[in-house]
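J.: Need a 3D model of the sequence below.
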Amino acid sequence: MQKIHFIAIGGAAMHNLAIDSHNNGNIVTGSDDEIYEPSRTLLAEKGLLPAAIGWFPEKITADLDCVILGMHARADNPELLKAQALGIRIESYPSYIYSQSTNKQRVVIAGSHGKTTITSMILHVLKYHNRKFDYMVGARIEGFDTMASLSDEPVIVIEGDEYLSSPIDRRPKFLHYHPHVALISGIAWDHINVFKTFEDYERQFELLAEGLPKSGTLIYDETDDLVDIIGKQERVGIQSVAYLAHPHKIIGGITYLQTPSKQEIEVEVFGEHNMKNLSGAKAVLAQIGIDDEAFYEAIGSFKGAAKRLELLGEDSSSVVYKDFAHAPSKVEATTKAVKSQFPKRRLIACLELHTFSSLNKDFLPQYAEKLNAADIAVVYFSPHTLEHKKLPPISAEDIQRNFENKNLLVFNQKDDLVAFLKNQTWTDTNLLLMSSGTFDGMNFQEVTKTVLS
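T.: Numbers count the residues shown, from 1 in each chain. Below you'll find the model as predicted:
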């Protein structure tokens, strides 16, 4: 039993790691200056929700075994400064995960897009076949109580985020994990606020591949030009495994996998990007003892990770999806997927610009033509979000020019966007909402009801 304090306990990964640590019998405390749902309720259910919001240096005492520092905190955080003054061991959450996994076979799923879905597919198949494993994944999955598990199991599967580890550890998270098996799904510039050039961003994935041990395995999407270059480089003692989109066909809005045995497997995920994700997951599972037959038996019941092409509602004429897509490559892949799945229906695709990168004028050109698969393309941004992130203002003209879509509609008031959606004719028309935010608190249930009525 250890005594562990989490600084920024409300984060997506942090609160799940805190709950798992508590479940394992450790004494867990934490602090944060903002905690949103579902973190608030989940922490409260375990008695881990801080009694008051804010930072309290008095919580940092010499008897702590470890302080785990989240990225949401700042380098001058008063609790962090107290821990440093007392000489307490301070870990970022990825370094802590590695410290608990040194005797395991470590599998890391990385890439600018697809890593959450691929990791989720792997976890689903392993659980289906009652395999024992630990994990860390960036979204909730049906059948799993938490997004993290650290125990004494022999294998750990980790979603490898390339973002910085903590305010005092500026390395990408995935470089902490030292995997035996690594997958890279794709590289498309993101996180412009910390990786100022594309070359700097790409270099992080090269370092991941270069860090594999002898007898390690690198699995990669060979249709991605940059990943293909990394994957094909000669590395002594390293096995490289390339993958493509899984053969499939679409009949009546349903996707079927076409297997080597001529069997057709109905799956709930769809789109070219998800067929690649599925092949990547299959290749990883082959490395840890799941053969093709076992994979196909399990994958048909995979319903997807939370917030990834989440079905909000459907009827015989329309479907409404909400997706976490926000980076350019994700936006393009998701828009094409929904249009390809329902080619005879009109598609209205709405994207909220919400992240530091997407709201940066210098990054906007990366979105050129990314919404062009939609019949009606809409971009929403909030001036309040720009102010909150201390970013220079952008205009509708900036967005229209850089997206290179002559029919693009731009809104910066939520009520105007909702009114536009309510005034559309939804017969044989689908709606796709894409954001890492909430469209300024849009009532998704109400919008869905409008579409389906």
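J.: for the biggest helix by length in the chain, packing partners?
T.: Using DSSP state H, we find that the single longest helix of the chain is helix 272-287. Judged by 3 or more Cβ pairs under 8 Å, 6 or more residues apart in numbering; DSSP states H and E, helix 272-287 is in contact with strand 105-110, helix 115-128, strand 181-184, strand 217-221, strand 239-243, helix 292-299, helix 328-341. Glycine gets a C-beta too; all of them are placed from N, C-alpha and C.
J.: Which residues outside the third one are in contact with it?
T.: Pointing back at strand 181-184 there. With contacts defined as Cβ atoms under 8 Å, 6 or more residues apart in numbering, strand 181-184 is touched by 105-111, 118, 160, 205, 208-209, 212, 216-221, 227, 230-231, 280, 283-284, 287-288.
J.: strands paired with it, and their directions?
T.: strand 105-110 (parallel), strand 217-221 (parallel) (DSSP bridges).
J.: Ok, the fifth one next?
T.: Note on strand 239-243: by DSSP bridges, its sheet partners are strand 217-221 (parallel).
J.: can you list contacts of the strand it pairs with?
T.: Taking Cβ under 8 Å, 6+ apart as the rule, strand 217-221 contacts 111, 180-186, 209, 212, 227-228, 230-231, 235, 238-244, 276, 280, 283-284, 287.
J.: by how many degrees do it and helix 115-128 diverge?
T.: Calculated by axes from the mean of the first three to the mean of the last three Cα atoms, to 10 degrees, strand 217-221 forms an angle of 120 degrees with helix 115-128.
J.: how far is strand 217-221 from where the chain is centred?
T.: 19 Å (Cα atoms, centre = their mean, to the nearest Å).
J.: Which is the succeeding secondary structure element to it?
T.: helix 225-232 (DSSP states H and E).
J.: on contacts alone, who are the packing partners of that following helix?
T.: strand 181-184, helix 198-210, strand 217-221, strand 239-243.
J.: what about S101, how many neighbours?
T.: 20 (other Cβ atoms under 10 Å).
J.: Tell me the spatial nearest neighbour of it, not counting adjacent residues.
T.: By the measure of Cβ to Cβ, 6 or more residues apart in numbering, the closest residue to S101 outside its immediate chain neighbours is I156, 4.9 Å from it.
J.: before we move on, back to that, nearest to L257, of the strands paired with strand 181-184?
T.: Nearest to L257 among the strands paired with strand 181-184 is strand 217-221 (17.4 Å), distances taken as Cβ to Cβ.
J.: Using PDB, write down the CA coordinates of the closest one.
T.: This file holds the C-alpha atoms of strand 217-221, laid out as PDB (Å, rounded to 0.1, in the frame of the first residue of the first chain):
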ATOM      1  CA  THR A 217       8.100  -5.200 -33.300                       C
ATOM      2  CA  LEU A 218       7.000  -2.100 -35.200                       C
ATOM      3  CA  ILE A 219       3.500  -2.200 -36.800                       C
ATOM      4  CA  TYR A 220       2.600   0.600 -39.200                       C
ATOM      5  CA  ASP A 221       0.100   1.800 -41.700                       C
END
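J.: by how many degrees do that strand and helix 272-287 diverge?
T.: Going by the same axes, to 10 degrees, strand 217-221 makes 160 degrees with helix 272-287.
J.: Could I get the buried residue list for strand 217-221?
T.: Buried residues in strand 217-221, counting neighbours by 16 or more other Cβ atoms under 10 Å, are found at T217, L218, I219, Y220, D221.
J.: burial count for the closest residue to L123 other than its chain neighbours?
T.: Once flanking residues are discounted, L123 sits nearest to Y135: 5.5 Å by Cβ to Cβ, 6+ apart. Y135 has 26 neighbours, counted by other Cβ under 10 Å.
J.: What residues are bridge-paired with Y135?
T.: Under the criterion used (DSSP bridges), Y135 bridges to S149, V157.
J.: Local confidence estimate at it?
T.: As predicted, Y135 sits at a pLDDT of 98.
J.: try S340
T.: Confidence score, pLDDT, at S340: 94.
J.: right, and it touches G271 too?
T.: Yes: in this structure S340 lies within contact range of G271 using Cβ atoms under 8 Å: 6.5 Å.
J.: OK, contacts around the spatially most central residue of the chain?
T.: Nearest residue to the geometric centre of the chain (Cα atoms, centre = their mean): T116, 4.6 Å. T116 sits next to V137, G138, A139, E159, A305, R308, F324 when contact means Cβ under 8 Å, 6+ apart.
J.: Could you single out the nearest of the residues you listed to D315?
T.: Using Cβ to Cβ, the contacts of T116 come closest to D315 at R308, 22.1 Å.
J.: Roughly how far does the closest one sit from K361?
T.: R308 sits 28 Å away from K361 when distances are taken as Cβ to Cβ, to the nearest Å.
J.: Neighbour count: the two, which is higher?
T.: Higher neighbour count among R308 and K361: R308, with 22 against 14, using other Cβ under 10 Å.
J.: So the more buried one is in contact with F324, correct?
T.: Yes: between R308 and F324 a contact is recorded at 5.9 Å, counting by Cβ under 8 Å.
J.: Next, show the common contact partners of the two.
T.: Joint contacts of R308 and F324 (Cβ under 8 Å, 6+ apart) are T116, A139.
J.: Now for I238: which residues touch it?
T.: By Cβ under 8 Å, 6+ apart, the contact set of I238 is L212, K214, S215, G216, T217, L218.
J.: From those residues, pick the one nearest F6.
T.: Using Cβ to Cβ, L212 is the member of these that sits closest to F6, with 30.5 Å.
J.: in terms of contact, does that closest one touch P179 like I think?
T.: Yes: the criterion here is Cβ under 8 Å, and L212 meets it with P179 at 6.8 Å.
J.: These two: which has the busier surroundings?
T.: Per other Cβ under 10 Å, whichever of L212 and P179 has more neighbours is P179, with 26 against 21.
J.: picking up where we left off before, give me the subset of the contacts of T116 lying in strands.
T.: E159 (DSSP state E).
J.: Any of the contacts of T116 buried? List them.
T.: V137, G138, A139, E159, A305, R308, F324.
J.: Without its sequence neighbours, what residue ends up closest to the fourth one?
T.: Pointing back at E159 there. Spatial nearest neighbour of E159, chain neighbours left out: T119 (4.3 Å); criterion: Cβ to Cβ, 6+ apart.
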